[in-house]
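Asks: sharing a sequence plus its predicted fold:
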Amino acid sequence: MKSLDELKKEVFDKLSQYPKIESFFKDSLEERMKIDDNCTENALVLILLDDESFKQSALHTLIDRLYNDPKNFDTLRSKLKPRDEYDGKIRDVLAELNGYYHLVEYGFEKIEALPEDGKQRKPDFSAEINGEPYLFEVKNMRAPVDVCDLLFKKTEARSHRFPEKYKGVIISYTLSERWRQMEFNRSETEDLKKIVESWLNKEVFITVESSEPTSLRPFSSSIQNLVIQCSLHQGPKFDQAFGFIDYVNVDDPIYRESILSPFENKIHHVSCHGSQQLLEYDKTKQHKKYVLLNWQQRKESTIHPWNGFENDVLAIVRNIDKNFQEAHNNLFVRLLNFDPLP
């Protein structure tokens, strides 16, 4: 078992090997780790603790691109406030790093990361191209944000605490279809997280950490009439492999509808929120305004509900973009990593 102090040391030892990344994250991450022990579930911490993920992470490229722009480097870094929902905010900042990278990549000039001041809601960037002014609001997406994300985050964090127990164990979660159809408000989501976390601690984790590998058996838990099935088994050729595997045909129209409809609603909601912010900021209507969606597909399994849906997501975004332009001819929606700019 690794203690929290050992894990924290491992994180900062890794950071010290990459001075540019360290200079962006170290100070805020140190302050975050003083707040509570859940820091091991932070998105950046999980990347740093996984050698292969960190090696392949786009973080190196994104920070390299920003590093020679000290003003914007400091502005984006200043958004990481350890006591301001840091674990969620860090995903937003990572998305903004990606947004900055693409603005440079597509030849925008006079790029300015707009600082947060607590008085007026601002977009994330202003920039120019061919002398024409633009505003950009970056919105972080995850496909989708649901209980699977919680299961994965908790399980991966736990595996770093007990590496000798989880090495070679494959953990697969399968959710009942009803999970996908549920929409929870903030209070209900927090209550649900507590129930799921308790179930993980009392069922999954205690089984892995106290049983002989040959005795690991599938089991399920019903929470608020919603079912999670968990299968545990040895996989000698795998090392800490965790996945949420749905054994379904992604071409099934009913299944596609159950997956894509909630995500389309989410994209529309996020795009509307971002566009409203852009319109409120640009009251004189001088700028072209872009909502940039940073879409993060899950990495934890090569077989998951989003494989094969990339074209569907692009079609959804382009339809929303078309609808927005019909209402405001200077308002656009783009999917980062997929759509060109401007």
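Replies: The structure has been received and is ready for your questions.
Asks: work out for me the element residue 220 sits within.
Replies: strand 219-223 (DSSP states H and E).
Asks: list the strands paired with that strand, with their directions.
Replies: strand 226-234 (antiparallel) (DSSP bridges).
Asks: in the partner strand, which residues are buried?
Replies: With burial defined by 16 or more other Cβ atoms under 10 Å, the residues of strand 226-234 counted as buried are 226, 228, 230, 232. Where C-beta positions appear, they are placed from N, C-alpha and C, glycine not excepted.
Asks: ditto for stretch 278-287
Replies: In stretch 278-287, counting by 16+ other Cβ under 10 Å, buried: 278-279, 281-282, 287.
Asks: on that earlier part again, next one: the strand holding residue 220 to chain centre, how far?
Replies: 26 Å (Cα atoms, centre = their mean, to the nearest Å).
Asks: state the mean pLDDT of it.
Replies: Regarding strand 219-223, the rounded mean pLDDT is 73.
Asks: what of stretch 59-68?
Replies: 96.
Asks: how far does it sit from its chain's centre?
Replies: Offset of stretch 59-68 from its chain centre (Cα atoms, centre = their mean): 19 Å.
Asks: could I get stretch 52-64 in PDB with only the CA atoms?
Replies: C-alpha atoms of stretch 52-64 as PDB (Å, rounded to 0.1, in the frame of the first residue of the first chain):
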ATOM      1  CA  GLU A  52       1.800   5.700 -20.000                       C
ATOM      2  CA  SER A  53      -1.100   8.200 -19.900                       C
ATOM      3  CA  PHE A  54       1.400  11.000 -19.000                       C
ATOM      4  CA  LYS A  55       3.800  10.000 -21.700                       C
ATOM      5  CA  GLN A  56       1.000  10.100 -24.300                       C
ATOM      6  CA  SER A  57      -0.700  13.200 -22.900                       C
ATOM      7  CA  ALA A  58      -1.200  16.200 -25.100                       C
ATOM      8  CA  LEU A  59      -0.300  18.300 -22.000                       C
ATOM      9  CA  HIS A  60       3.300  18.400 -23.200                       C
ATOM     10  CA  THR A  61       2.400  19.900 -26.500                       C
ATOM     11  CA  LEU A  62      -0.100  22.400 -25.100                       C
ATOM     12  CA  ILE A  63       2.200  23.700 -22.400                       C
ATOM     13  CA  ASP A  64       5.100  24.000 -24.900                       C
END
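Asks: listing partners with orientation, what would you give for the lengthiest strand in the chain?
Replies: Across the chain, the strand with the greatest residue count (assigned by DSSP state E) is strand 132-143. Strand 132-143 pairs in its sheet with strand 125-129 (antiparallel), strand 288-297 (parallel), by DSSP bridges.
Asks: where do the helices sit along the stretch 201-342 of the chain?
Replies: Along the stretch 201-342 of the chain, the stretches classed as helices by DSSP state H, counting those that start in this stretch are 206-210, 253-281, 310-327.
Asks: good, we can wrap up now.
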